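Peer 1: structure, please.
(one chain, ligands or ions: 1)
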Amino acid sequence: MNKIISLAYEHRDILKDTGWVISEPFSFAWWDGFDSADKIVLSAFLVQMTKWESVKKVINLLEQKGLAKLEVIADLDARTLEPFLKSINFYKTKTQRILKFSRFIKENNGLENLLKIENRALILSQEGVGEETADSILLFAGHQPVFPATEYSRRVMSRVTGEEIRKREVPKIVENGIGRDVLKFKILHASFGGIGKAFCFQNEPKCNRCFLKHVCKYNYR
Ligand code: SF4
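Peer 2: Here you go, the predicted structure:
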């Protein structure tokens, strides 16, 4: 895995094109250049079943109106927030979920206080927050040593190692390989996400263009 990490550094321009910006360990910019934990959390709610480009437009719009902060949103009602989210799939449901989550954040002394590994179960108990969302925001908005289990990670790791890995096994395998290191977790997650999006398709992966081709067993099968 350390080899994948060094290859990711070497090819960070490719990852940037997929929305992953290799940055300082405790920067928010990893998440497509965002500058706050609030925007990462908002986009994590909005992106489910929606194109990332549409999500970025909504985040920019909220920013222009001074609404890209959960504690500000907590004081809005659905009628005020909903029009900003209209371009997002399932915007009515997502409006409700964001409002509830924002109020939950406010009641729990703010986002920074809540985004701690010991609060994972509490975060997971919120409407619309699955394991992938919870772990992604804990890692990238809270800088906690949690590795999200994603389909991209499962697929790339399985193909690179030549072993069929189950999605729920991903975090433990990564942790055993590199320890619980926030920076390494971010690089690996960004690499798997970027490679999955750009090259490692379910059918007909583009191995000849992928920067893991020399370390990937699938490419030599
Ligand atoms: S070399 Fe091919 S199979 Fe291996 S990670 Fe890259 S795209 Fe996937």
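Peer 1: number of residues surrounding Ala29?
Peer 2: Ala29 has 14 neighbours, counted by other C-beta atoms under 10 Å. In short, each C-beta sits where N, CA and C put it, glycine included.
Peer 1: I figured it hits Val21, correct?
Peer 2: Yes. The pair Ala29 / Val21 is scored as a contact, 5.0 Å apart, by C-beta atoms under 8 Å.
Peer 1: and stretch 58-68, average pLDDT?
Peer 2: Stretch 58-68 shows a mean pLDDT of 97.
Peer 1: output it as PDB, restricted to C-alpha atoms.
Peer 2: C-alpha atoms of stretch 58-68 as PDB (Å, rounded to 0.1, in the frame of the first residue of the first chain):
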ATOM      1  CA  VAL A  58     -25.400  24.500  -5.200                       C
ATOM      2  CA  ILE A  59     -22.500  24.800  -2.700                       C
ATOM      3  CA  ASN A  60     -21.300  27.900  -4.600                       C
ATOM      4  CA  LEU A  61     -24.800  29.400  -4.500                       C
ATOM      5  CA  LEU A  62     -25.200  28.700  -0.800                       C
ATOM      6  CA  GLU A  63     -21.800  30.300  -0.200                       C
ATOM      7  CA  GLN A  64     -22.800  33.500  -2.200                       C
ATOM      8  CA  LYS A  65     -25.900  33.800   0.000                       C
ATOM      9  CA  GLY A  66     -23.900  33.200   3.300                       C
ATOM     10  CA  LEU A  67     -25.700  29.900   3.800                       C
ATOM     11  CA  ALA A  68     -22.900  27.400   3.400                       C
END
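Peer 1: which residue packs closest to Asp35, ignoring adjacent ones?
Peer 2: Distance criterion C-beta to C-beta, 6 or more residues apart in numbering; nearest residue to Asp35, sequence neighbours excluded, is Phe28 at 5.7 Å.
Peer 1: what helix or strand is that neighbour located in?
Peer 2: Assessed by DSSP states H and E, Phe28 sits outside every helix and strand.
Peer 1: for it, give its distance to the ligand.
Peer 2: Distance check for Phe28 against the ligand: by C-beta to the nearest ligand atom, to the nearest Å, it reads 27 Å.
Peer 1: what number of residues lie near that residue?
Peer 2: The number of residues packed near Phe28 is 20, by other C-beta under 10 Å.
Peer 1: can you check the pLDDT for it?
Peer 2: What the model reports for Phe28 is a pLDDT of 98.
Peer 1: likewise the one 5 residues further on?
Peer 2: Per-residue confidence (pLDDT) for Gly33: 96.
Peer 1: and it, what is it in contact with?
Peer 2: Shown in contact with Gly33 (C-beta atoms under 8 Å, 6 or more residues apart in numbering): Val21.
Peer 1: go again with 10 Å.
Peer 2: Each residue near Gly33 by C-beta atoms under 10 Å, 6 or more residues apart in numbering is listed here: 16, 19-21, 23, 27, 39, 56.
Peer 1: got those as a markdown table, with secondary structure columns?
Peer 2: Formatted as a markdown table, these follow (DSSP: H, G, I helix; E, B strand; the rest coil):
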| residue | secondary structure |
| --- | --- |
| Lys16 | helix |
| Gly19 | coil |
| Trp20 | strand |
| Val21 | coil |
| Ser23 | coil |
| Ser27 | coil |
| Lys39 | helix |
| Lys56 | helix |
